[in-house]
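In: would you be able to build a 3D model of this:
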Amino acid sequence: MNNQIKNIIEKIQRNEITEYFIYNRLSQIEKDPKNKQIFRKIAEEEYKHYTILKKYSQKEFSPNKIKIFIYLLLTKIFGFTFILKLMEKGEDKAIGNYQKVISFHPEIFEILEEEKNHEQELLNILDEERLKYVSSMVLGLSDALVELTGTLAGLTFAFKNTKLIFLSGFITGIAASLSMASSEYLSIKTEETSRNPFKAAIFTGLTYILTVLILVLPYLLTSNYIVALFLAIGFSIILVGIFNFYISIAKELEFSKRFWEMIVIIFSVSLLTFIIGFFIKKFLAIE
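Out: Have a look, this model is predicted:
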């Protein structure tokens, strides 16, 4: 075995033992019995990969503790479905890059591919409650981004006072979040679905409020209303990027189309309300 092939096998082996520890830890902290069993099963598969590769490397490796810490931390924030699918995408890409080199030992590649397919089947039957409420989160985020970014754009030119804009935007946002949460509750209650209407309302309302807080924050950080507006729009773009990345991984949807669609809507509404604010100010002669 030449050094290039050996280094690649060792790299995959380190990754397998690291993921074994991640899945094993998830099996310990997960409360749902079904999910707990699936995590345990995937952990066993990862350890099996590790032992197969050890026959070729003739080495033992310790897990990457930093990677374990980061992935477990992100699991608490984004949920296990997002993190696991992100891990699997990384593995698929890595194995694709290694394919030419591992072709010198096709039995390794075949074993890993077989095990990968098995793992993917297990991942597909995992059940995470928060994924049931992704549509509620989308509703809260998209509505808050479009409505509040547009509102802030209009208020910015109309008032030209960051404290007044913050107060108006914050009150408007809180009122809108309560309205959206109530609408989501009533909407889910009329549907034949396994989703709990109260939980759906909570997800919608909290996502909306969190978005409101992030968007109005620039108006507290600076007294320059133009700078505050650009910061608020910048935060909007970042939020759209993060959320669409989450959705694209967790729900396996296309990222770029959804991202640019939301960006175009946000900028169009913001520009329109900015123009409306300008003409209302001129027409009413309000200073």
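
In: tell me the domain boundaries of the chain?
Out: The record assigns the chain these domain ranges, following automatic domain parsing: 3-127, 130-284.

In: my guess is Tyr185 contacts Gly205. True?
Out: No. Counting by Cβ atoms under 8 Å, Tyr185 stays clear of Gly205, with 9.1 Å between them. For every residue, glycine as well, the C-beta is placed using N, CA and C.

In: which one of these two is surrounded by more residues?
Out: Neighbour totals were compared for Tyr185 and Gly205, and Gly205 leads with 22 against 19 (other Cβ atoms under 10 Å).

In: deepest of the domains of the chain, which one?
Out: Burial of the domains of the chain is given as mean neighbour count (mean count of other Cβ atoms under 10 Å); domain 130-284 ranks first at a mean of 18.

In: any chance of the domains of the chain in a markdown table, plus mean pLDDT?
Out: As requested, these are arranged in a markdown table below (pLDDT from 0 to 100):
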| stretch | mean pLDDT |
| --- | --- |
| domain 3-127 | 80 |
| domain 130-284 | 83 |
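
In: need the helices for the stretch 101-250 of the chain, in chain order.
Out: Counting by DSSP state H, counting those that start in this stretch, the stretch 101-250 of the chain has these helices, from start to end: 106-124, 129-132, 134-159, 162-189, 197-216, 218-221, 225-250.

In: now the angle from the third one to helix 225-250?
Out: Spelled out, that is helix 134-159. Compare the direction of helix 134-159 with that of helix 225-250 by axes from the mean of the first three to the mean of the last three Cα atoms, to 10 degrees and you get 170 degrees.

In: angle of helix 134-159 against helix 162-189?
Out: Compare the direction of helix 134-159 with that of helix 162-189 by the same axes, to 10 degrees and you get 150 degrees.

In: could you dump stretch 24-34 to CSV, C-alpha only?
Out: The C-alpha trace of stretch 24-34 is given here as CSV (Å, rounded to 0.1, in the frame of the first residue of the first chain):
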residue,chain,number,x,y,z
ASN,A,24,-23.2,7.0,20.6
ARG,A,25,-23.6,10.2,22.6
LEU,A,26,-26.8,11.0,20.7
SER,A,27,-28.2,7.6,21.6
GLN,A,28,-27.5,8.4,25.3
ILE,A,29,-29.1,11.8,25.4
GLU,A,30,-32.1,11.1,23.0
LYS,A,31,-35.4,10.4,24.9
ASP,A,32,-37.4,8.9,22.2
PRO,A,33,-36.9,5.1,22.3
LYS,A,34,-37.2,4.7,18.5
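
In: what about it, distance to the chain center?
Out: Computed by Cα atoms, centre = their mean, to the nearest Å, the separation of stretch 24-34 from the middle of its chain amounts to 21 Å.

In: try stretch 139-159
Out: The answer for stretch 139-159 is 22 Å, by Cα atoms, centre = their mean.

In: how close does Ser223 sit to Leu217?
Out: Ser223 sits 14 Å away from Leu217, going by Cβ to Cβ, to the nearest Å.

In: give the closest residue to Ile280 in space, chain neighbours not counted.
Out: Taking Cβ to Cβ, 6 or more residues apart in numbering as the measure, Ile280 lies nearest to Ala158, with 6.6 Å between them; neighbours along the chain are not counted.

In: the one you found against Phe283, yeah?
Out: No. Between Ala158 and Phe283 there is no contact, the gap being 11.3 Å when judged by Cβ under 8 Å.
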